[in-house]
Every structure is written in structure tokens, then in C-alpha cells.
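Engineer: my questions are about this predicted structure, shown below with the sequence.
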Amino acid sequence: DAYQKKECYYLPLIARFNMVRQFCLNKVKQKAEEMVVRTKAQCEREVVRLKAALPEGGERRWKIGQAYDCRDRAVARLKKAPAAVVKSYLKNWPKWPLLELYQRVFAFPEQALAWSEGSLTAARAAEYAEIFHKQLQGRDHWEPAMEDLAPLIYLCSKVFGVKDDVRPLHIVVDEAQDYSAFQYQILKMLAAEASFTIVGDMAQGIYAYRSIRNWTELSEVIFAKAPIQMQQLTQSYRSATEIMLFANEIIAASPQGHFVPAEPVLRSTAKPLVVESPNQQELLKGLTKMVRQLRKEGCKTVAVLTRTAAAAASTHAELAKALSASVQLITDLAEDYAADISVMPVHLAKGLEFDGVVIADCSADVYQLTEADIKLLYVACTRAMHRLVVLYSETPSPILQSIKPDTYELVKS
């Protein structure tokens, strides 16, 4: 243990293991060589004794031969012994597969406390263990989620190390707002040079619970000691002017603030339609009507966006019955977008664009005046290139209520 702390503390675990194995092997070999010398000396003394004690003849030659054979067998055993002894000793060292090692951090709070060397409190370790065991309820085994990948890579680097020939010289990060501080630290650790191109839109940070929230986290914390050149791009090329002005009003409602409004291209279209319905039944009728209307206006691709995956599934079922055109439900497993009309939750639409977009339900109980919902609604609106329709029943979302009335056209279904 003292040897590890003094000579190997900076190395990955496997490299430490190999160094300790070599250290033990050298020590045992040294002892074995000393024993070989003593064995040979003992044999020579026995030969001298035999020569003095026995007369010349067959018996003396046979016993001297036996002494040399005994010496040779002992020397052969001593030469093989170091590898076998060290192997037997190292068998007692604990060996866990990487995933099992990772799980122990969360499953056993006392183990996590011991490994953290004071950086983790007992309360926080117990909290992690409780969350982990809740995730295991009703499951046969634990499977890592996306949030586990960064710490798993970190753990892997500490166990196996990172080869220099696999370190990237330059890293390009798109959708920067979707990555956590931990993930950026992992990228820094893996990079051969601190050379990055990082692009993104913080207004589209719909995963704020697990990602960075502003550029300051990158410039002043994660890359605080690196020379940084920042350039702000404000021109939007996807959405028509009226749609972008409407979307800018939505993101302006953010309590976080400090979002620079996007500058739309000089391409005009009709103002976004905000459709009021007295109840959910009428909202579904209005939704079907709006999808048909967008198709008649020439929108080749139409997306119906919902707040959740469950809402997307139920909305798809209703539209598939009411419309003759092909309607596709987009899920996490979708590999193509072949249908003219796509129904999906907003988070799956990020990065996509459509001629027309219908936000299926922007009622007060669906989109709250929170940072997460504001950004989600902003993402939904900015998927539209030419036409945007927003529906709600009874009471509109407080986000809609905060928007200037002259940026949209209000109609009743």
C-alpha cells in the first residue's frame, strides 16, 4: 500500500496493478535467487561431506549424483516459484467489472464515503443510494442511462487509462446547451489539446436539469484557464419574420433572461395563428382542421408537436382516424420521417424543421410559466419555416398571455 501511494498514485488502476505485480515479482525473485545460492552452497557442502565420509566407489558416486539431482530440482522449483507465488497473492485482490464497480458507488454509501476521501458527505451518499435503489425497483438488473455515460467514461479512464493515439486533436460540440459540466470536463480530459469549437443556443436548453444554463459556465468555470474567443450569431435563417418575432416574445418571458433576440430573415408569411377552443373535444376538432388547412396552403411537411410522448401517442391516434393523409408517430426509436404529417413530443423535434407546425395544446395546465416550459415552447415555434398554429382550450398558457397581441392572430374554433 505504501509503494502504491508513493510510486503509483498518478497512474490508472490497471497500470498500478501491473507495477505492483512487477514490484512483488522482483522482490520474490530476489528472495528466490538468494535461496538458490544457499541451496547450491548447501549441496556443495554435502558433496564435500560425502567425499570425506565414503571411500571411492559406486556408493559414493551414486550419493553425490543424488545430491546434485536434489539441488537441480530445488533450483528449478525456486526459479518457477516467483510467478506462481505472485499470481496466487494477486488472486486475492478484488476484481470488479466496470459497471459493477460503478454501481457500488451508489448501492453502498459506506463504500462511496471511503472512496471519496472526504469529498462526499454521509447524507449525500445515502441520498444517492436511495435514488439508485428506487431505480432498481421492479427491474431484474440495472442498466446505465445517458446521464451515467460521463461518469462511466471517467471511471474507465481511472481504471484503464486513455491511450494517447485515441485522443482527438480537436473536438467540435454542437447543441452545446444540452451537455452537462461533467460531460465537458470529460471532453477536456480526453482531448490531446484544449482545442474546441463549441456551438449552441442557450434559449433551446430544454434539458436544464442536467446541462449547462449559460455560456458563463463554459468561459469562467470549465475553460477558465484557456484562451477563449466567443462570437455571438443572431441571424436566424429557418423561420419567416412573423414566426421569429412570435418566438422572440416567448423566450423574452424567461425568468433567466439575457437571451439576445434572433434576427429573422426578410421572408414574410402570415402571422402565427392562436386558436382558442372551449374544451378538449373542440380542440381536437380544431387541430384536425388546422392540419388540413396547412396542407391545403401548400405545406408539404407538417409537424404536430405535443408536450409529452404520451400526449403525442393519443393525438396521433385521433389524427390517424380523422385524416386520409399518412400520419406518423415519431418516438425515440424512429429512424425515418417518411410521412407528410408527423406527430411527436417537442424534445424529439429539436434540430428538425417543417413547412408548417401545429402546437397541439398550449393550455394553462400544459405549459407553465417556468424556464423549462418557456424553452420547450420556444423550440416548438422555431421548428416552423412558413406557418405556425398554436391551439389551447379554455385558458391559454401564461406564456401565451405574456406575448404582445400584435405578434399573432387570435381565432376561435
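Structural biologist: Arrived safely, thanks for sending.

Engineer: ok, which stretches of the stretch 201-350 of the chain are helices?
Structural biologist: Taking DSSP state H, counting those that start in this stretch as the criterion, the stretch 201-350 of the chain carries its helices at 215-216, 241-252, 280-296, 309-322, 346-349.

Engineer: need those helices in CSV with distance to Lys163 and mean pLDDT, can you?
Structural biologist: All C-beta spots, glycine's among them, are computed from the backbone N, C-alpha and C. Below are the helices of the stretch 201-350 of the chain laid out as CSV (distance: least, C-beta to C-beta, whole Å; pLDDT from 0 to 100):
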stretch, distance to Lys163, mean pLDDT
helix 215-216, 32, 89
helix 241-252, 43, 95
helix 280-296, 53, 94
helix 309-322, 40, 94
helix 346-349, 36, 95
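
Engineer: any stretches of the stretch 151-300 of the chain with poor pLDDT?
Structural biologist: 257 (pLDDT under 70).

Engineer: go again using 90 as the cut-off
Structural biologist: For the stretch 151-300 of the chain, the stretches flagged by pLDDT under 90 are 158-166, 192-194, 205-216, 219-221, 224-228, 232-237, 254-267.

Engineer: domain assignment for this protein?
Structural biologist: 2-90, 165-233, 241-412 (automatic domain parsing).

Engineer: any stretches of the stretch 1-150 of the chain with poor pLDDT?
Structural biologist: 1-24, 87-120, 124-125, 127-148.

Engineer: what residues sit buried inside stretch 8-19?
Structural biologist: Buried positions in stretch 8-19, judged by neighbour count with 16 or more other C-beta atoms under 10 Å: 8, 12, 16-17.

Engineer: same question for stretch 76-94.
Structural biologist: Applying 16+ other C-beta under 10 Å to stretch 76-94 flags 78, 82, 85-86 as buried.

Engineer: contacts made by that stretch with the rest, please.
Structural biologist: With C-beta atoms under 8 Å, 6 or more residues apart in numbering as the test, stretch 76-94 has contacts from 17, 21, 24-25, 28-29, 32-33, 35-36, 39.

Engineer: show me which of those are buried.
Structural biologist: By 16+ other C-beta under 10 Å, these give 17, 21, 24-25, 28-29, 32, 36, 39 as buried.

Engineer: looking at the buried residues of stretch 8-19, which is nearest Gln135?
Structural biologist: Checking the buried residues of stretch 8-19 against Gln135 by C-beta to C-beta gives Pro12 as the nearest, at 28.4 Å.

Engineer: list the contacts of the residue nearest to the closest one when sequence neighbours are not counted.
Structural biologist: Excluding the flanking residues, the one nearest Pro12 by C-beta to C-beta, 6 or more residues apart in numbering is Gly161, at 3.6 Å. By C-beta under 8 Å, 6+ apart, the contact set of Gly161 is 11-12, 14-15.

Engineer: and the top helix by length along the chain, how far out from the chain's middle?
Structural biologist: Ranked by residue count under DSSP state H, the longest helix found in the chain is helix 13-53. Distance of helix 13-53 from the chain centroid (C-alpha atoms, centre = their mean, to the nearest Å) equals 52 Å.

Engineer: what's the answer for stretch 182-194, then?
Structural biologist: Computed by C-alpha atoms, centre = their mean, the chain-centroid distance of stretch 182-194 equals 13 Å.

Engineer: what does that stretch contact?
Structural biologist: Stretch 182-194 is touched from outside by 150-151, 153-154, 157, 162, 164, 167-171, 173, 196, 212, 218, 222-223, 226, with contacts defined as C-beta under 8 Å, 6+ apart.

Engineer: switch the cut-off to 6 Å
Structural biologist: Contacts to stretch 182-194, defined as C-beta atoms under 6 Å, 6 or more residues apart in numbering, come from residues 150, 153-154, 167, 169, 171, 222, 226.

Engineer: what do you get for stretch 400-413?
Structural biologist: With C-beta under 6 Å, 6+ apart as the criterion, stretch 400-413 contacts 245-246, 249, 253, 271-277, 282, 286, 362.

Engineer: go with 8 Å
Structural biologist: Outside stretch 400-413, the residues within contact range by C-beta under 8 Å, 6+ apart are 242, 245-246, 249-250, 252-253, 270-277, 282-283, 285-286, 289, 362, 367, 369, 390-392.
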